[in-house]
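1. fold the following.
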Amino acid sequence: MFTRMKSSTFRALLTADLLFMTMMANSQAGGGNGAAALSATATTIRGYATSAQTIVLALGVVIGLIGGVRVYSKFHNGDPDTQKAVMSWFGAALFLVAVGTILTAFFG
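-> Model prediction:
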């Protein structure tokens, strides 16, 4: 099997394997330090959840306002695709509100 591989591919696989074995050995020798690091990271991410939700909701408001102005402009000019523009801008704002809610539900 290894005779058909290029030497660069074999070296890359060997390096990845050695790196994986080193990581496994370090995690077992640490005596649970990995669990503490994951717990600390989860706590930090939960702290950012409300800020991220606020930013996403503010972005949704800005996009909604820009979309409203553009739709009004299209409607005022008599463009025939006004309904398409309303649906796309409303969908984008609704998506951002949904993402903000999901962020809170997932991380909060």
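
2. where does the protein dip in pLDDT?
-> 1-14, 18-33, 107-108 (pLDDT under 70).

3. remind me, longest helix of it?
-> Determined from DSSP state H, the single longest helix within the chain is helix 33-77.

4. phi, psi of D79?
-> When read as degrees, to the nearest 10, the backbone of D79 gives phi -70, psi 140.

5. tell me how far the helix or strand hosting M87 is from the chain's mean position?
-> If you go by DSSP states H and E, M87 is part of helix 82-107. Centroid separation between helix 82-107 and its chain, computed with CA atoms, centre = their mean, to the nearest Å, is 15 Å.

6. cool, stretch 37-48 as well?
-> The answer for stretch 37-48 is 16 Å, by CA atoms, centre = their mean.

7. okay, angle between the helix holding M87 and helix 33-77 too, please.
-> Angle of helix 82-107 versus helix 33-77, following axes from the mean of the first three to the mean of the last three CA atoms, to 10 degrees, is 160 degrees.

8. contacting residues around I63?
-> 89, 92-93, 96 (CB atoms under 8 Å, 6 or more residues apart in numbering). Backbone N, C-alpha and C define where each C-beta goes, glycine included.

9. ok, so of those residues, who is nearest G47?
-> L96 (21.6 Å; CB to CB).

10. the closest one contacts V56, correct?
-> Yes: proximity of L96 to V56 meets the contact threshold set by CB atoms under 8 Å, at 5.6 Å.

11. could you dump the contacts of I63 into CSV and include neighbour count and distance to T43?
-> As requested, the contacts of I63 are arranged in CSV below (neighbours: other CB atoms under 10 Å; distance: CB to CB, whole Å):
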residue, neighbour count, distance to T43
W89, 19, 37
A92, 15, 32
A93, 20, 32
L96, 19, 26
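
12. would you format those residues as CSV with distance to V71 included?
-> Shown next, in CSV, are these (distance: CB to CB, whole Å):
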residue, distance to V71
W89, 6
A92, 12
A93, 11
L96, 17
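
13. ok, back up a step: and the helix holding M87, which residues are buried?
-> Of the residues in helix 82-107, 82, 85-86, 89, 93, 96-97, 99-100, 103-104 count as buried by neighbour count, 16 or more other CB atoms under 10 Å.
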